[in-house]
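*Asks:* fold the following, please.
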Amino acid sequence: MKIDMGMIGSSAAACGPVAADAEGRGFDGVWASESVTDAFLQSQAALLTTSRVSVGTAIAVAFARNPMSVAYLAWDLAAMSGGRFVLGLGSQVQAHVERRFSMEWSPPVERMRDFLGALDAIFTAWRDGSRLDYRGEVYRHNLMTPVFTPHHHDFAIPTAVAAVGARMTELGAELCDGLLLHGMTTAAYLDTVTMPAVERGLATSGRTRGALELYCPIFMVMGDTEEQQAEMARQTREQIAFYASTPAYSKVLATVGYEDLQPELQALSRAGRWEEMGTLVDDTLLHHIALVGTPEEMPALAHERFDGRLDRISSYYPWPVEDPDRLGAILAAFHDAPAT
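*Replies:* Below is the predicted model:
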């Protein structure tokens, strides 16, 4: 199992030092996130200061852009990194696409299939010089002249899509190299929804499980003392409640018998009663979603829950470990197979 670090909330200026520090401490990869700045700018900053780790976007908002603009960005980032860049795309939700980005919205699974098809056509034209003539339902790209064709390279550009529901998961397993899952999940949801969708998508493409890498940022409730763990648990309950208040995660809750919680949390959020929401996430639900323990216990807990399900993970929260030797030993333990 690989252990990564997310850079959500970091500015592009801050991402260089953050990524370099992550590489020095032993993380396998870093993920740029489209929150306070552009994920591609974050990725470039991270790639310029590192030489070993993979750098990916988790996520870049696909529907706020078009396939051609994304292709140019990904092509150059792959070239400058020697193939360490991973293009992770997400659909975002309708309100953000239409009201924040002022872009058109259409059914996201179908649109993402079209987007990925257009990307593949563009990359193929750039690699082998064939005529670009992609005509999809949403995207059409049929003009590419030599002056606008980027410099040739042979570095792979792995793609991944963010997925919660079964249909987007199946699409990603069919067409992509990876899936970007959400930390708001349970082992039961992975087994009953995610993995069956993965198997269907792989079967459609004629590939095996080894062709697909599953990544997920995990809620790790860490602390060296009971008091520290209790404070992290409080913050995590509030974050879980925030996600659980949206209908998109009702099926996740249903896998562990908490389907009635979603409308209750949604009503509290609409009333602005944010502080009350976290108190409704009890210990049982917390432990279904989060890993709880000391930092040293995280590798064993992660292997116990996610071996055979996930290939790489990160902590949703920063690691509360300052000593580099201590953190290095913890991170190395994620790579080890569990004792039998």
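*Asks:* can you list contacts of the helix or strand hosting A173?
*Replies:* Assigned by DSSP states H and E, A173 falls within helix 166-175. With contact meaning C-beta atoms under 8 Å, 6 or more residues apart in numbering, helix 166-175 is reached by 91, 108-109, 112-113, 116-117, 159-163, 178-179, 193-194, 196-202, 204-205, 212. Any C-beta I mention is one placed from the backbone N, CA and C, and that applies to glycine too.
*Asks:* out of these, which are inside helices?
*Replies:* Within these, residues falling in helices by DSSP state H are 108-109, 112-113, 116-117, 196-202, 204-205.
*Asks:* buried ones from those, can you make that a PyMOL selection?
*Replies:* Buried residues among the ones in helices among the contacts of helix 166-175 (16 or more other C-beta atoms under 10 Å), as a PyMOL selection:
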select buried, resi 108+109+112+113+116+117+197+198+200+201+202
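*Asks:* and the ones in helices among the contacts of helix 166-175, which two are furthest apart?
*Replies:* The two members of these with the most space between them (C-beta to C-beta) are G117 and P196, at 24.2 Å.
*Asks:* so what's M80 up against?
*Replies:* The contact partners of M80, taken as C-beta under 8 Å, 6+ apart, are Q44, L47, L48.
*Asks:* if any of those residues are buried, put those into a ChimeraX selection.
*Replies:* Filtering the contacts of M80 down to the buried ones (16+ other C-beta under 10 Å) takes a single ChimeraX command:
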select :44,47
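*Asks:* the nearest residue to A118 once chain neighbours are set aside: neighbouring residues, count only.
*Replies:* Leaving aside its sequence neighbours, A118 sits nearest to P67 (C-beta to C-beta, 6 or more residues apart in numbering; 3.7 Å). Residues near P67, counting by other C-beta atoms under 10 Å, number 25.
*Asks:* now P67: how far from A121?
*Replies:* 8 Å (C-beta to C-beta, to the nearest Å).
*Asks:* helix or strand for G56, which one?
*Replies:* Assessed by DSSP H and E, G56 sits inside strand 54-57.
*Asks:* apologies, that question was intended for P17.
*Replies:* For P17, the host element (DSSP H and E) is helix 12-25.
*Asks:* after that helix comes which helix or strand?
*Replies:* That would be, after helix 12-25 and using DSSP H and E, strand 29-32.
*Asks:* can you list contacts of the helix or strand just after that following strand?
*Replies:* Counting by DSSP H and E, the element after strand 29-32 in chain order, helix or strand, is helix 39-48. The contact list for helix 39-48, computed with C-beta under 8 Å, 6+ apart, reads 7, 10, 12-13, 15-16, 18-19, 30, 32-33, 53, 55-60, 73, 77, 80-81, 84-85.
*Asks:* helix, strand or coil for L143?
*Replies:* Here L143 takes the coil state, with states given by DSSP: H, G, I helix; E, B strand; the rest coil.
*Asks:* read off the pLDDT value for the residue nearest the centre of the chain.
*Replies:* Central residue of the chain (C-alpha atoms, centre = their mean): L180, 3.5 Å from the mean position. Looking at L180, its pLDDT reads 98.
*Asks:* state the distance from the closest residue to it other than its chain neighbours to A125.
*Replies:* Once flanking residues are discounted, L180 sits nearest to A162: 4.3 Å by C-beta to C-beta, 6+ apart. According to C-beta to C-beta, A162 stands 26 Å off from A125.
*Asks:* more neighbours, these two?
*Replies:* Using other C-beta under 10 Å as the criterion, A162 and A125 rank with A162 on top: 24 against 18.
*Asks:* please identify which helix or strand holds M103.
*Replies:* Using DSSP H and E, M103 sits within no helix or strand.
*Asks:* verify the stated contact: it with V97.
*Replies:* Yes - with contact defined as C-beta atoms under 8 Å, M103 reaches V97; the gap is 5.2 Å.
*Asks:* find residues that contact each of these two.
*Replies:* What both M103 and V97 touch, as defined by C-beta under 8 Å, 6+ apart, is the set F63, A64.
*Asks:* neighbour-wise, which of the two wins?
*Replies:* Counted by other C-beta under 10 Å, M103 and V97 do not tie: V97 has more neighbours, with 21 against 15.
*Asks:* got a pLDDT number for the more buried one?
*Replies:* With respect to pLDDT, V97 has a value of 94.
*Asks:* and what of A339?
*Replies:* Listed pLDDT for A339 reads 50.
*Asks:* return the set of buried residues in stretch 26-39.
*Replies:* Of the residues in stretch 26-39, G26, F27, D28, G29, V30, W31, A32, S33, E34, T37, A39 count as buried by neighbour count, 16+ other C-beta under 10 Å.
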